[in-house]
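Asker: coords please:
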Amino acid sequence: MREFLLLIRSEEEPKASLSPEQMQQHIEKIGGYLKKLTEEGRMKSAQPLEMEGTMLSYKNGQIVDGPYNETKEIISGYYHLLAENLDEAIAIAKQDPRFEEGIWRMEVRPIKHVEGIN
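Answerer: Next up, the predicted model:
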């Protein structure tokens, strides 16, 4: 099995506009999906990310804030999964109930293991 990082992307705080009932449905659907992946031994970890943060760059000999993307889209969470290959990781990602809400995007990336790191 290979490791994959799925980066969940959204614009600003997508759950902020949900009613309490919609929020409960969202939590139950996502929770069920994550539980299934955990029971199958595919989920290593998953967490939402805080909406605050910054982008750091190296420019002219110093570390600076930015540059920032022109979009309001941010990485709002991640899944660390196990799958046989990229196609299987994509198939797992496509099952995420977030896509039913139509406001999420997901980037699926294989984790490259380098000798001597961890």
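
Asker: tally of neighbours for G77?
Answerer: Residues within reach of G77, counting by other Cβ atoms under 10 Å, total 18. Any C-beta I mention is one placed from the backbone N, CA and C, and that applies to glycine too.

Asker: touching, V108 and L86? I think so.
Answerer: Yes: between V108 and L86 there is a contact at 7.0 Å, judged by Cβ atoms under 8 Å.

Asker: who's more crowded, these two?
Answerer: For V108 versus L86, the count of surrounding residues by other Cβ under 10 Å is larger for V108: 19 against 13.

Asker: tell me which strands the helix or strand that one falls within pairs with, and in which orientation.
Answerer: According to DSSP states H and E, V108 maps onto strand 105-110. Partner strands and pairing direction for strand 105-110 (DSSP bridges) are strand 2-11 (antiparallel).

Asker: any idea how far E40 is from I27?
Answerer: In this view, I27 and E40 are 20 Å apart by Cβ to Cβ, to the nearest Å.

Asker: likewise for K59?
Answerer: On the measure of Cβ to Cβ, K59 and E40 end up 44 Å apart.
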